[in-house]
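Undergrad: Quick one: sequence plus predicted model below, questions after.
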Amino acid sequence: MNDYPVIASITEERQVEKAAACGVRRVNLMTGTINNLGQIVGRLHDSGKQVFVHVEMVGGIGRDAAAIQYLANAFKIDGIITTKSNAVATAKQVGISSIQRVFAIDSAAVETALRMIKSCGPDEVELMPGLMPRIIREMKMKIKQPLIVGGLIRHDDEIKAALESGADYVSIGNDYFW
């Protein structure tokens, strides 16, 4: 995937068809409900996309172990996105990938995030917001996982700067960049 390091972040259901038709290989699903999740995931899988579901943003999904196991079994999702360490542990138990989303709002938050990443060992880390080259470089040096950055990115030069700072992928909700 490094040859096309953009991840489509689907934040509105109207974006599903655009994501299905575009060149990205992976989507982060942050919309929908338990009622239409099967249809959305099925459409995206049929178009060859990997689907990661943000368990805190899709309606009707709990944040407990049973919910994550249900997502893996019923919808065959490729992975989850979460801010919760216990959800990362559950994803490992059920055999799907996990992305730990962390927010760099200040130095203490970054240090807490690094401890959390080290203790729960997600497959990937998503750093928000993605407009901080120095923080991207520092985070990348301190973790072993691939680093995704996202949030507030609106221009080509911001994508380029994030990648040049060490990000492996850029997650972006604007379908222009997909």
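TA: Looks like it came in fine. Numbers count the residues shown, from 1 in each chain.
Undergrad: Need the residues that contact the longest helix along the chain.
TA: Counting by DSSP state H, the longest helix found in the chain is helix 107-120. With contact meaning C-beta atoms under 8 Å, 6 or more residues apart in numbering, helix 107-120 is reached by 85, 88-89, 100, 102-104, 125, 135, 138-139, 142-143, 145. All C-beta atoms are positioned from the backbone trio N, CA, C, and that covers glycine.
Undergrad: Those residues in helices, which ones?
TA: Using DSSP H, S85, V88, A89, I135, E138, M139, K142 are the members of the contacts of helix 107-120 that sit in helices.
Undergrad: Could you dump those into TSV with neighbour count, pLDDT and distance to V110 added?
TA: Output for the ones in helices among the contacts of helix 107-120, formatted as TSV (neighbours: other C-beta atoms under 10 Å; pLDDT from 0 to 100; distance: C-beta to C-beta, whole Å):
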residue	neighbour count	pLDDT	distance to V110
S85	16	95	16
V88	23	97	18
A89	16	96	22
I135	17	97	7
E138	16	97	8
M139	24	97	7
K142	13	97	9
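Undergrad: Can I get those in TSV including distance to I68?
TA: Shown next, in TSV, are the ones in helices among the contacts of helix 107-120 (distance: C-beta to C-beta, whole Å):
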residue	distance to I68
S85	13
V88	10
A89	10
I135	29
E138	30
M139	25
K142	27
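Undergrad: List just the nearest of these to V55.
TA: V55 lies nearest to V88 out of the ones in helices among the contacts of helix 107-120, by C-beta to C-beta, at 10.5 Å.
Undergrad: Confirm for me that that closest one is in contact with P122.
TA: Yes. Between V88 and P122 there is a contact at 4.8 Å, judged by C-beta atoms under 8 Å.
Undergrad: what sits in contact with each of these two?
TA: By C-beta under 8 Å, 6+ apart, V88 and P122 have these common neighbours: S98, Q100.
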